[in-house]
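*Asks:* this is a predicted model, with the sequence first.
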Amino acid sequence: MMRTIALMTLLTGLLSACGGESPPAMTAAGEPVVAQETTAVDCSAGDGIDYLCGISNGEDILQLGNSDWLLVSGMDGSLSGTGVNGRSHLVNAAQRSVEILFPGTNPLYRHDTALYGDCPGPLDARQFSAHGLALQKIDKGPAVYRLYMTSHGAREAIEVFEVDAFVKPTITWVGCIPMPASSWTNSVAILDDGGFVATQFYDPARDTIGDVLAGRVTGHVFEWHPGGEVSVMEGTEMAGPNGIAVTDDQRWIFVASFGTGEVMRFDRSSTPPARDVIPVGIMPDNLRWTGEGMLLAAGDNTEDYCGTASCEQGWGVVQIVPYSLVATRIAAAGEDAALQNPSVGYLVNDEIWVGTYSGDRLAILPRQ
């Protein structure tokens, strides 16, 4: 019970901090004010968990191809009280090093008005919160990717970047897709045509985190295609839609229902899409594919995990077989672990990297 109360307090602070007005235009030569973060005093390993510190609120993780480079989002400091602005981090998994990729000291902007003409202008790097990430390889070079990022702060939008990872990754903002004002957009997955599906966690003008944790319907899945409008995918309503993932053939969409401790599988071959429900024993956040074609979800334990309230103290990473829908716990940590409030589990070289929406580090665990 205490874990649930603490979680409600944290998330209420985060969700209430996401409003704002349209940002002023910025140029490539602009240097946004970047608040300094505090590096963890103790980053030593414990209970079989290694840590990589110096990452503020690293909510989501993605690997650039088969390289050692990881992109890690960074939410603003509304939960940690640090005053940290949103940013994206660049991590070298082999060297265990970290640096700020965006905005850094000289952020690059090149607005692609042909693709993102409805975007009002460049991202205000002084007022954003980098949240869910999605990558797509594009034909602009040997290692160039389109990066979609759900972002809050001065505006609610999917911000779009190009990442050139041929040698050492560089990043350029190229546009945005404004999201409905009634949404707090959580996670995003890119479709083949450059469109996306994304989750609305809740409507901040109508819902509370208490509604989410009570299992009430607060959101749905959005869909967008280039040249079109953002629309709601019929039949995808649930309690706190969070992580989202799409199969290669784009028939199946998996969505984490944070409020009910489940992952939903939707079949896009029918209208409305048929739904299957997978209980996972955690409050699932982001969903991430492994190279083996499995889905990983990380989150705080629920009471259903072992039938007692004590199971709320700690967290786990669950692997889901996408077609049989079998869920298996493959990593876990207790309430004393230095990383709490897990938001993503990501497989890198047979290690599970775990991020958090409120913390100063990533956790690295062996796969069980």
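*Replies:* Here it is on my side, so go on.
*Asks:* quick one: the helices in the stretch 201-350 of the chain?
*Replies:* 209-213 (DSSP state H, counting those that start in this stretch).
*Asks:* likewise the stretch 51-200 of the chain?
*Replies:* So, for the stretch 51-200 of the chain - with DSSP H, counting those that start in this stretch - there are no helices.
*Asks:* okay, now the unreliable bits of it?
*Replies:* For the stretch 51-200 of the chain, the stretches flagged by pLDDT under 70 are 78-81.
*Asks:* strands along that one, start to end?
*Replies:* 61-63, 69-74, 87-92, 97-102, 108-109, 128-137, 144-153, 157-164, 170-178, 184-190, 196-202 (DSSP state E, counting those that start in this stretch).
*Asks:* which elements pack onto the last one?
*Replies:* Packing contacts for strand 196-202, counted by 3 or more CB pairs under 8 Å, 6 or more residues apart in numbering; DSSP states H and E, involve strand 128-137, strand 184-190, helix 209-213, strand 221-224, strand 241-246. For the C-beta atoms, the positions are set from N, CA and C on the backbone; glycine is no exception.
*Asks:* okay if I get these as a markdown table plus distance to I253?
*Replies:* Shown next, in a markdown table, are the helices and strands packed on strand 196-202 (distance: least, CB to CB, whole Å):
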| stretch | distance to I253 |
| --- | --- |
| strand 128-137 | 13 |
| strand 184-190 | 8 |
| helix 209-213 | 20 |
| strand 221-224 | 7 |
| strand 241-246 | 5 |
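*Asks:* out of those, flag the one nearest V348.
*Replies:* The closest of these to V348 is strand 128-137. By CB to CB, the value is 14.4 Å.
*Asks:* thinking again about what came up before, right, and the strands of the stretch 51-200 of the chain - which one's nearest E292?
*Replies:* Closest among the strands of the stretch 51-200 of the chain, once you apply CB to CB, is strand 61-63, at 13.8 Å.
*Asks:* so which residues make contact with the closest one?
*Replies:* 69-73, 93, 133-135, 288, 344, 346, 348, 353, 355, 362 (CB atoms under 8 Å, 6 or more residues apart in numbering).
*Asks:* thinking again about what came up before, dump the helices and strands packed on strand 196-202 into a markdown table; add mean neighbour count and distance to G259 as well.
*Replies:* Converted to a markdown table, those look like this (neighbours: other CB atoms under 10 Å; distance: least, CB to CB, whole Å):
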| stretch | mean neighbour count | distance to G259 |
| --- | --- | --- |
| strand 128-137 | 24 | 17 |
| strand 184-190 | 25 | 12 |
| helix 209-213 | 20 | 4 |
| strand 221-224 | 22 | 15 |
| strand 241-246 | 26 | 9 |
